[in-house]
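Colleague: With the input below, show me the fold.
(chains A, B, C and D, ligands or ions: 6)
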Amino acid sequence: MTLEVGRVQLRTPVMAASGTFGYGTEVPLLDRSRLGGMVSKGIFLHPRPGTPPVRIVETPSGMLNAIGLQGPGVDALLRDYSPQWAEWDFPVLVNINAETVDEYGELAARLDGAPGVAGLEVNISCPNVSQGGMLFGKDARLAAAVTGAVRRRTALPVWVKLTPAVTDIAEIARACEDAGADALCAVNTFVGMSIDLHTRRPRIAFGTGGLSGPAIRPMAVHLAHQAAKAVRIPVVGIGGITTASDALEFLIAGCRAVQVGTATFAEPRAIESVVEGIERYVSDNGYEDLDALPRLVEPESEAAPAT
Amino acid sequence: MTLEVGRVQLRTPVMAASGTFGYGTEVPLLDRSRLGGMVSKGIFLHPRPGTPPVRIVETPSGMLNAIGLQGPGVDALLRDYSPQWAEWDFPVLVNINAETVDEYGELAARLDGAPGVAGLEVNISCPNVSQGGMLFGKDARLAAAVTGAVRRRTALPVWVKLTPAVTDIAEIARACEDAGADALCAVNTFVGMSIDLHTRRPRIAFGTGGLSGPAIRPMAVHLAHQAAKAVRIPVVGIGGITTASDALEFLIAGCRAVQVGTATFAEPRAIESVVEGIERYVSDNGYEDLDALPRLVEPESEAAPAT
Amino acid sequence: MHDVTAPLLRRRRLTAEMWVLGFQSPEIAAEVTAGQFVNLLLRPGPLLRRPFSVYRVDGETVEVVLKAVGEGTRQLLDLTPGDTLSMLGPLGRGFTFDPAWKEVALVSGGLGVAPMPLAARDAAAAGLRVCWVHGARTADDLCQEWTGDEVRWATDDGSRGLRGSVVDATPADVPQVLACGPNPMLAALAGRWPTAQVAIETYMGCGTGVCLGCAVPRARGGYDRACTEGPVYEAGSIRWAALPGHLHYEVASR
Amino acid sequence: MHDVTAPLLRRRRLTAEMWVLGFQSPEIAAEVTAGQFVNLLLRPGPLLRRPFSVYRVDGETVEVVLKAVGEGTRQLLDLTPGDTLSMLGPLGRGFTFDPAWKEVALVSGGLGVAPMPLAARDAAAAGLRVCWVHGARTADDLCQEWTGDEVRWATDDGSRGLRGSVVDATPADVPQVLACGPNPMLAALAGRWPTAQVAIETYMGCGTGVCLGCAVPRARGGYDRACTEGPVYEAGSIRWAALPGHLHYEVASR
Ligand SMILES: Cc1cc2nc3c(=O)[nH]c(=O)nc-3n(C[C@H](O)[C@H](O)[C@H](O)COP(=O)(O)OP(=O)(O)OC[C@H]3O[C@@H](n4cnc5c(N)ncnc54)[C@H](O)[C@@H]3O)c2cc1C
Ligand SMILES: Cc1cc2nc3c(=O)[nH]c(=O)nc-3n(C[C@H](O)[C@H](O)[C@H](O)COP(=O)(O)OP(=O)(O)OC[C@H]3O[C@@H](n4cnc5c(N)ncnc54)[C@H](O)[C@@H]3O)c2cc1C
Ligand SMILES: Cc1cc2nc3c(=O)[nH]c(=O)nc-3n(C[C@H](O)[C@H](O)[C@H](O)COP(=O)(O)O)c2cc1C
Ligand SMILES: Cc1cc2nc3c(=O)[nH]c(=O)nc-3n(C[C@H](O)[C@H](O)[C@H](O)COP(=O)(O)O)c2cc1C
Ligand code: FES
Ligand code: FES
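Modeller: Ligands and ions are numbered 1, 2, ... in the order given. Okay, the predicted model is just below:
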């Protein structure tokens, strides 16, 4: 089932999502031969300690996290991980993060040509320190500026990972495409909050956290579908995928590949069964390959819902 | 626990949410003396047949619905329900919906002074037919225009129910406050999609549906908190409330009251236990009343999360 | 309407896949009529209740028949006697019986057999002769339990009774038909017996009339609620083309 | 690391609220050392696994001790023998033992007793004399099972043993202390025995090192992972003030 997505050669259509697979060095039990590729934990230019505990709370069919992009910085990544990645037989994309447009560009330049780095996944769900902390991914102009800055500083494939909580994801998707993205990833976590009634503080020490897991899947499928309709570059679907059926919803909605995140916490081998299930669906239905998978039959009305 | 919220006198802080309680005439089992008030199923000026089945699908800890605002129109509402409401000892707000700003105003005028109508809840998650179907609630200017149009045509309390999937809910909350809203309700359902792998069609015949239930609660608490911080008028929290603890999260986050929706489908008496649990929390902690409930202890950082 | 904390008393197998579960639920047992349903809540379990026709009533016991098609039915079949659930019911409007018919055919396909034992009971009480017609894909899938004065079987492969549909197996001259089964079967039946009473399935949110999720498209236009005005309708009053043929999804992974 | 489909074999009660569950899990039983944990997955059940220290090992049986504090633990206590779950382990780095100590105090508060029977086993294997120190709110809450050469009890109300904390009940001159219990207790202990080994609890996402959810604030700055570098740490190496005192939330209603 090898396929090319956004200039990256994937071994299967199922990748491990950023922040849920570390740097790929500590992955127990999983049969890596089924892994399409992986995205590293998000990295900044400089080392970051991350946020204090509590960092994780479970919510109904989901979880909130605020890790604060703890990480060793790009130097350590290049020293400790990229040489290992160069030995692996599946592609590793580096999830890049920054607080200014220039810093994104700088990070891209540093990773350009690094051994074992198959591409960059640009996390635009980062607060823009020079604009009051608004996420880059919430504004089409800023999202395009980040994409362009990265694009200009590297020859690597550039995937842009979209922020879900926006008024119009199609507009942002198009802006990133126009700015030179090779693929889009939809979506990142949704902002959420959970409150401890004993302390009257947010359970997540940071305050808010990113919601992931099956709870978000219906929203993620919708957003990935919106993004896929808006652009010509491939879209990688992310959000609450646990089984092959879940992944197939994204693929039928127009995605070319998917990433699995939270599900691997409970089932370290989740990706294997997702890949197997997709293969079974494709062959049971007599499709030649994944590209032959028919797309969503759109309902007549495409207007926004009135509940 | 009677309290005044946005010029409406509630009997308890827990109301039944629009679309999950019909017109209040068919509510089995519930002890209505514990009900703070109710919001009717959304009404349009004219009768609407609603969308074809399938209208409802269950998702992890949530459900999608697209009812299409089926309803008899305002004339039938005034004839069949409002006289009954006038007999009841809890307030009924009418959830109003329209396709143009003028139609919202017209509907408000028709309901002004109607017996048994304690106030209006303006559902701005309706597609604006004169602007390509964009939801009114996604744009601060349009949301304010709707609020103002309703405000000018009625002396009734006007509550505005916010759309969750927006880039900046605080901006929209402020716009509605400035346009004369007496209270805000946060939030309505999140747009989602679920795909049937056999037919490759959306499971909801309409295409997309509104996601409700516990799955959305962490996002709803966050958005209600954002709205409450942005305005001086009261905010009514909505989204995934099943137990008293859930309701208390919204109250501590800054809401003055809450609405329970989806939870009543499984537990027709859910509202009773939510009210009892809130009473117990208030008395166990020795607070004089609900107003004495201390608010959220904000974490130091208020920046957007970096996961 | 009652919300009963009902313990599972017993279960028995009908076919390789079909089971009958009997719950103690005296208030509902006393009131339920043929074609009405109960809405079952499992905790821990799925978000929404799951609707089931009442199969039989025996003293204080309410029986439902089901097979595992998704998470909720799987959990129901995993219950062990003594486990309890919340049973809301009886819900909906069931079949009506008119002694003037003299005879009635109870026509069911597959799990559509569910409301028929009670229908046979209530038909007999109304002095009607009962012709029991039941069909399935193959003999092994037939529900062997039947009640009435006459029985006719139909199987798709002809392994028992008529090879063909239950509609074909129904005596052409029977004055009235009460039916339950997949929507396409009911639609076919509606062509031949427009005044038949059919019990139909829709997805349900609340089961009690407040959510409008269980829309049934009516021939006269508009929709009404399977849980409240239904689930039993006059066959000719339904806009069949607007009903989904199969409700074959399942809540995917949680 | 193994992912074992482990049937529940037996359970026994320790106090009004504390239970021991024994699962058949030969691979993990063979490898686990004191202070390591297993991560348990229930299906149907909560989204994430639930981490538990291994209490005792008996042949192929892995025991865990718990009380119901939320949905996951409630479901665990509802299991009946024969029910299976997925057990991932052994995880984390456990206690280390140095024969040079000659003696070790195993100090636990409440459910913190969990890793101590294995610690006593491994201590004995290293030739150490074991002083077992266990405390709880009141005598009824004490875990009566203990192993070692000497036992000391402490209760908040003085109903058994010393009135006061387990820290006070620990012999002042013991050369080494291994401890587990609520964070405030461990923080107090760290003041007196900075070189003590403490097993700490944090919320966990994966339990296997990939999510960085189980952050433990270190005195030298930064965080590391309770599931991988921990859960056992040198007491003085932890920035206690940055750890939450109590992990007392529960996934609210689903
Ligand atoms: C009035 C009525 C009476 C019914 N009587 C019976 C009966 O006697 N025996 C029986 O086996 N089944 C009956 N059904 C169908 C039964 O409710 C579903 O099979 C069951 O809800 C499936 O739940 P699940 O969790 O196993 O499946 P899932 O597919 O996981 O359920 C997902 C969602 O779809 C709904 N759903 C799935 N299939 C159906 C369906 N066929 N009809 C309605 N809703 C569905 C569920 O309620 C749930 O909301 C009846 C349905 C209705 C509306
Ligand atoms: C290394 C380690 C060893 C542990 N050993 C034991 C043991 O031997 N016996 C025992 O009873 N408990 C032990 N715990 C705590 C146990 O994991 C929690 O009590 C349990 O996860 C609660 O789950 P719940 O679903 O019942 O509660 P909920 O409150 O519903 O759980 C919600 C979430 O919080 C987490 N959580 C809740 N309380 C704790 C806690 N105290 N520590 C860590 N996570 C928590 C859950 O894992 C889950 O993600 C240990 C925790 C860790 C990290
Ligand atoms: C613990 C955790 C850490 C994450 N870290 C990152 C990150 O560093 N960069 C990023 O772009 N996304 C990060 N994500 C988001 C995931 O990659 C993914 O987009 C999201 O979790 C939704 O997918 P899921 O529901 O399958 O988990 C993280 C998610 C989790 C749960
Ligand atoms: C079946 C259904 C119908 C609804 N109809 C309306 C409506 O007519 N007007 C409206 O403003 N909100 C409507 N809502 C949204 C609810 O009032 C509420 O905002 C939302 O469901 C979130 O709350 P919950 O999670 O408690 O259900 C509807 C929700 C459901 C589930
Ligand atoms: S199921 Fe809610 S109205 Fe029928
Ligand atoms: S729990 Fe995920 S890294 Fe420790």
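Colleague: And the strands in the stretch 101-250 of chain A?
Modeller: Ranges of strands within the stretch 101-250 of chain A are A:119-123, A:158-161, A:183-186, A:190-192, A:195-196, A:201-202, A:209-212, A:235-238, based on DSSP state E, counting those that start in this stretch.
Colleague: Then the stretch 1-150 of chain C?
Modeller: Going by DSSP E, counting those that start in this stretch, the stretch 1-150 of chain C shows strands at C:2-13, C:19-24, C:37-41, C:50-53, C:57-58, C:61-66, C:84-91, C:103-109, C:129-136, C:150-155.
Colleague: how deep is residue 160 tucked in, by neighbour count?
Modeller: I'll assume chain A. Per other C-beta atoms under 10 Å in any protein chain shown, the neighbour tally for A:Val160 reads 32. (Each C-beta comes from the backbone N, C-alpha and C, glycine too.)
Colleague: Actually, chain C is the one I wanted.
Modeller: 17.
Colleague: Repeat that for the one 4 residues further on.
Modeller: By the other C-beta under 10 Å criterion, the neighbourhood of C:Gly164 contains 13 residues.
Colleague: Which residue, other than its chain neighbours, is closest to it?
Modeller: Closest residue in space to C:Gly164, ignoring its immediate chain neighbours: C:Ala154 at 5.9 Å, by C-beta to C-beta, 6 or more residues apart in numbering or on different chains.
Colleague: That neighbour is in contact with C:Gly181, isn't it?
Modeller: No: using C-beta atoms under 8 Å, C:Ala154 makes no contact with C:Gly181, being 11.0 Å away.
Colleague: Residues that sit against both of those two, list them.
Modeller: C:Gly135, C:Val166 (C-beta atoms under 8 Å, 6 or more residues apart in numbering or on different chains).
Colleague: Enumerate every residue touching A:Val14.
Modeller: A:Arg34, A:Leu35, A:Gly36, A:Ala247, A:Ala257, A:Val258, A:Gln259, A:Val260, A:Ile271, A:Val274, A:Val275, A:Ile278.
Colleague: Just give me the closest of the residues you listed to B:Tyr287.
Modeller: The closest of those to B:Tyr287 turns out to be A:Val260 (C-beta to C-beta; 45.0 Å).
Colleague: Contacts only, for that closest one.
Modeller: Neighbours of A:Val260 in contact, by C-beta under 8 Å, 6+ apart: A:Val14, A:Met15, A:Ala16, A:Ala17, A:Thr20, A:Ile241, A:Thr242, A:Ala247, A:Ala270, A:Ile271, A:Val274.
Colleague: So A:Val274: helix, strand or coil?
Modeller: helix (DSSP: H, G, I helix; E, B strand; the rest coil).
Colleague: now it: how far from chain C?
Modeller: Plainly put, A:Val274 is 10 Å away from chain C if you go by C-beta to the nearest C-beta, to the nearest Å.
Colleague: now do A:Ala228
Modeller: When A:Ala228 is compared with chain C (using C-beta to the nearest C-beta), they lie 20 Å apart.
Colleague: Run through the residues that contact the closest residue to that residue other than its chain neighbours.
Modeller: Excluding the flanking residues, the one nearest A:Ala228 by C-beta to C-beta, 6+ apart is A:Gly254, at 3.1 Å. The contact partners of A:Gly254, by C-beta under 8 Å, 6+ apart, come to A:Ala224, A:His225, A:Ala228, A:Lys229, A:Val235, A:Arg295, A:Leu296.
Colleague: So which of those sit within helices?
Modeller: A:Ala224, A:His225, A:Ala228, A:Lys229 (DSSP state H).
Colleague: Report the buried residues of the helix or strand hosting C:Gly191.
Modeller: Take DSSP states H and E as the rule and C:Gly191 turns out to sit in helix C:183-192. For helix C:183-192, the neighbour count (16 or more other C-beta atoms under 10 Å in any protein chain shown) marks C:Asn183, C:Met185, C:Leu186, C:Ala187, C:Ala188, C:Leu189, C:Ala190 as buried.
Colleague: which of the residues you listed lies closest to B:Ala170?
Modeller: C:Asn183 (47.6 Å).
Colleague: ok, the closest one touching C:Trp240?
Modeller: Yes: here C:Asn183 reaches C:Trp240: they are 6.9 Å apart, a contact under C-beta under 8 Å.
Colleague: Which of the contacts of A:Val14 fall within strands?
Modeller: A:Ala257, A:Val258, A:Gln259, A:Val260 (DSSP state E).
Colleague: just the helices in the stretch 101-250 of chain C please.
Modeller: C:116-125, C:166-169, C:183-192 (DSSP state H, counting those that start in this stretch).
Colleague: Give me the nearest residue to A:His151, chain neighbours excluded.
Modeller: One correction, residue A:151 is Arg, not His. A:Gly180 (3.6 Å).
Colleague: Could you report the neighbour count for the residue in the stretch 201-307 of chain A positioned nearest to chain C?
Modeller: Chain C sits closest to A:Thr242 of the stretch 201-307 of chain A, with a gap of 3.7 Å, by C-beta to the nearest C-beta. Using other C-beta under 10 Å, A:Thr242 is surrounded by 25 other residues.
Colleague: re earlier: can you tell me which of the buried residues of helix C:183-192 comes closest to ligand 2?
Modeller: C:Asn183 (41.2 Å; C-beta to the nearest ligand atom).
Colleague: if I pick the closest one, what's in contact with it?
Modeller: C:Ile200, C:Glu201, C:Trp240, C:Leu243, C:Pro244, C:Gly245, C:His246.
Colleague: For the buried ones among those residues, write the corresponding PyMOL selection.
Modeller: Selection command for PyMOL covering only the buried members of the contacts of C:Asn183, criterion 16+ other C-beta under 10 Å:
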select buried, chain C and resi 200+201+240+243+244
